[in-house]
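J.: Sequence plus predicted model, see below.
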Amino acid sequence: MASLGDDSEKGASLVVERVGPSQEPVTAYEPKTEEAKALDRAVNIKLDFIVVLVLAIDFILCGIDKTNIGYVATTSMVKDAHLKPDDIPDSVSLLSVTFITLQPFSTAIGRRVGPKYWIAFMMVCWGTVCMAHAVVHNRGTLIALRLLLGAFEAGFVPTSFYYMSTIYPKYSLGFRLGLFAGMYSIAGAFAGLIAYGIFHIRNSSVHNWQLLFIIEGALSVFMAAVTVLVLPARLESAWFFKPAEAAHAVARMEADVAGASHEDARGNNAPITRRDVLDAVTDWKKLLTIVCNVLATLPVSAFGYFMPLIVQGLGYKGVNASLMSVSPFVVGACGLFCFVWSSDHFKERSIHTASSMMLAIVGLIVMCVSKNPELRYAFVHICLAGAFTAGPLIVAWLAGNTPEKGMRAIIIGMNGWSNLAGVIAGQLFKPKYGPSYKYPLTVVMVLIAFGACGFLSMRLLLMWINRRRARTTATWTDEQFREENESDARRGDAKLTFRYGY
């Protein structure tokens, strides 16, 4: 065990440990003194209740402004805006064109200008576009606004992930990302409550669906101002830290990246190299995992956009459909937090992911075969209790199996392709399949099953690779281990000393 720096001065250390002769060293920040532990608690509490809280509220608004189109679809918007029944599902699908395509570019801009400034700018833009939905009068206007909304929301989540990764050590980061990701399901609950309240407002000059767009867009613009005022641009200059806390916050991040393989002092701001790109696009195991993730996240997109219509198909009408959409999202958030906590606790990804997908399938089966509205509605909750889990767990799985940070950034950016699930959902949940939506629900169920089988198959493959590598290195000397870890011929998870998590 080795330490980096003086704990009495910095409160940070680097722990390097070897578990067995065939496993490469694992590096991580760890507070070693009581003073360091106390500083760690103080720093984390302030970051949790200021940074994570603000980003969580921003994410709720991001989700609301993107999914509110599903709630207005239950009102008179189609008639008032001179739309056809398929125009709203088509607009949902087309939003994904800019939302998916621009994610890596938007994130790169965020790194360049500073995450907090870019997040605030995006919020002003998407809030303004959301309010502009109130003047939609034809299909062309709706499609144009949805494309713009996708463009401005594209970089929010990956930029937020990047921002949090610069302020939390790796073994403090996972739980925070889980809480952040859970805000999407909470957004569904808030969206339903807000829609229910606004749809009861009677105004002779403005339709209730227009009020919904105006109010929710204005909330995003307001939070943009809060974001730029509250979030710190750098840890050392954070307004809420005492001098000792600021020094500790910086020191622990330096310790967290020190000694990392093929990393220099620039850490997360190091440029992405050509080799990073080539290694990422040729890693078929991770690409296959991303394809399975598209299938795994399909119910999130389907229920996020079309929950009011699905609930309406279960027998609930009008504004009641919006109100009845609230509790399934709350249950979904609770299910997510339980699965993510358990996954971190047991240090296991694939079985937890597949189990959550099977839980979603159980809910979908009952929704498809039962004719009892109350029973079908109850199993919407069961479905969402598992549906939201795969997304953050797969990100954690991919990140844990990609030790090279440059390549990891590309892999996580490519994982944004899982938002193609929104395109599939938009084409499946069309009015012609209502009111029961049995056909699209059945298709979603089958695709989730394929995704779950894919993850379990990947688990078996990674277990086989680990065993093969263990046999190869079983007779190695310390010199051979040192040469493998120091050599640049194989990098990251390609090294024979690396063991995959599954």
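T.: That came in fine, so what should we check first?
J.: remind me which residues of the stretch 101-250 of the chain are low pLDDT?
T.: Applying pLDDT under 70 to the stretch 101-250 of the chain flags residues 185, 187-189, 204.
J.: and what of the chain?
T.: 1-28, 185, 187-189, 204, 256-271, 304-323, 405, 435.
J.: Against which helices or strands is the helix ranked longest in it packed?
T.: Determined from DSSP state H, the single longest helix within the chain is helix 438-473. If you count contacts as 3 or more CB pairs under 8 Å, 6 or more residues apart in numbering; DSSP states H and E, helix 438-473 packs onto helix 284-296, helix 298-313, helix 350-369, helix 420-428. Glycine gets a C-beta too; all of them are placed from N, C-alpha and C.
J.: and the direction of that helix versus that of helix 420-428, what angle?
T.: Counting by axes from the mean of the first three to the mean of the last three CA atoms, to 10 degrees, helix 438-473 points 160 degrees away from the direction of helix 420-428.
J.: related to what we said a few turns ago, any chance of the helices and strands packed on helix 438-473 in JSON lines, plus mean neighbour count and distance to Pro115?
T.: Output for these, formatted as JSON lines (neighbours: other CB atoms under 10 Å; distance: least, CB to CB, whole Å):
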{"stretch": "helix 284-296", "mean neighbour count": "20", "distance to Pro115": "24"}
{"stretch": "helix 298-313", "mean neighbour count": "26", "distance to Pro115": "24"}
{"stretch": "helix 350-369", "mean neighbour count": "21", "distance to Pro115": "28"}
{"stretch": "helix 420-428", "mean neighbour count": "22", "distance to Pro115": "24"}
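J.: of all the ones you listed, which lies closest to Asn401?
T.: Nearest to Asn401, of all the helices and strands packed on helix 438-473, is helix 284-296, at 7.3 Å by CB to CB.
J.: How far off centre is that closest one?
T.: On the basis of CA atoms, centre = their mean, to the nearest Å, helix 284-296 sits 15 Å off its chain's mean C-alpha point.
J.: Can I get that helix as CSV, trimmed to CA atoms?
T.: Output of helix 284-296 as CSV, limited to C-alpha atoms (Å, rounded to 0.1, in the frame of the first residue of the first chain):
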residue,chain,number,x,y,z
TRP,A,284,-17.3,-5.2,-30.6
LYS,A,285,-18.1,-6.4,-27.0
LYS,A,286,-19.0,-2.9,-25.9
LEU,A,287,-20.8,-2.1,-29.2
LEU,A,288,-22.9,-5.2,-28.7
THR,A,289,-23.7,-4.1,-25.1
ILE,A,290,-24.8,-0.7,-26.5
VAL,A,291,-27.1,-2.4,-29.0
CYS,A,292,-28.7,-4.4,-26.2
ASN,A,293,-29.1,-1.2,-24.2
VAL,A,294,-31.2,0.2,-27.0
LEU,A,295,-33.6,-2.6,-26.4
ALA,A,296,-33.3,-2.4,-22.7
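J.: quick check: angle from that helix to helix 420-428?
T.: Using the same axes, to 10 degrees, helix 284-296 lies at 40 degrees relative to helix 420-428.
J.: With respect to Val135, which of the helices and strands packed on helix 438-473 lies nearest?
T.: That would be helix 298-313 among the helices and strands packed on helix 438-473, by CB to CB, at 21.6 Å.
J.: and the residue nearest to Ser350 when sequence neighbours are not counted, what does it touch?
T.: Leaving aside its sequence neighbours, Ser350 sits nearest to Arg459 (CB to CB, 6 or more residues apart in numbering; 3.9 Å). Arg459 makes contact with 350-351, 502, according to CB atoms under 8 Å, 6 or more residues apart in numbering.
J.: any idea how far Arg459 is from Asn466?
T.: According to CB to CB, to the nearest Å, Arg459 and Asn466 sit 11 Å apart.
J.: Repeat that for Ser325.
T.: Going from Ser325 to Asn466 by CB to CB gives 44 Å.
J.: Repeat that for Tyr196.
T.: With CB to CB as the criterion, Tyr196 and Asn466 are 51 Å apart.
J.: How about Met445?
T.: 32 Å.
J.: Run the chain-centre distance for stretch 363-382.
T.: 27 Å.
J.: Quick one: end-to-end length of that stretch, please.
T.: One end of stretch 363-382 sits 5 Å from the other (CA to CA, to the nearest Å).
J.: related to what we said a few turns ago, neighbour count for Met445 and Asn466, which is higher?
T.: Met445 (20 against 17; other CB atoms under 10 Å).
J.: Quick check: that one touching Gly363?
T.: No - assessed by CB atoms under 8 Å, Met445 is found out of contact with Gly363, at 9.1 Å.
J.: circling back to that earlier point, closest to Ala218 out of the contacts of Arg459?
T.: Closest approach to Ala218 among those (CB to CB): Ser350, at 42.9 Å.
J.: Quick one, which of the helices and strands packed on helix 438-473 gets closest to Glu245.
T.: Taking the helices and strands packed on helix 438-473 one by one with CB to CB, helix 350-369 is closest: 34.5 Å.
J.: and for the very next helix or strand once past the closest one, what are the contacting residues?
T.: Using DSSP states H and E, the helix or strand that follows helix 350-369 in sequence is helix 373-387. Here helix 373-387 makes contact (CB under 8 Å, 6+ apart) with 185, 299-300, 303, 310-311, 314-316, 324, 327-329, 331-332, 334-335, 339, 355-360, 362-364, 366-367, 370.
J.: again, only this time at 6 Å
T.: Identification of contacts with helix 373-387 by CB atoms under 6 Å, 6 or more residues apart in numbering yields 299-300, 314-315, 328, 331-332, 335, 356, 359-360, 362-364, 366-367, 370.
J.: Quick one: distance of that helix to the chain centre.
T.: Centroid separation for helix 373-387 versus its chain: 22 Å, with CA atoms, centre = their mean.
J.: tell me the angle of it relative to helix 438-473?
T.: Orientation check (the same axes, to 10 degrees): helix 373-387 against helix 438-473 gives 30 degrees.
J.: buried residues in helix 373-387?
T.: Judged by neighbour count (16 or more other CB atoms under 10 Å), helix 373-387 contains these buried residues: 376-377, 379-387.
J.: how about a markdown table for the residues you listed, with distance to Cys292 added?
T.: What follows is those, written out as a markdown table (distance: CB to CB, whole Å):
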| residue | distance to Cys292 |
| --- | --- |
| Arg376 | 28 |
| Tyr377 | 29 |
| Phe379 | 24 |
| Val380 | 24 |
| His381 | 25 |
| Ile382 | 22 |
| Cys383 | 19 |
| Leu384 | 20 |
| Ala385 | 20 |
| Gly386 | 15 |
| Ala387 | 15 |
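J.: okay, now Arg274: neighbour count?
T.: Residue neighbour count, defined by other CB under 10 Å, stands at 7 for Arg274.
J.: and it, how far is that from Glu486?
T.: Distance, Arg274 to Glu486, by CB to CB: 22 Å.
J.: At which residues are the strands of the chain located?
T.: Assigned by DSSP state E, the chain shows strands spanning 14-17, 26-29.
J.: Against Ile424, how distant is the residue most central in space within the chain?
T.: In the chain, the centroid-proximal residue (CA atoms, centre = their mean) is Ala181; its distance is 4.7 Å. From Ala181 across to Ile424, the span is 20 Å (CB to CB).
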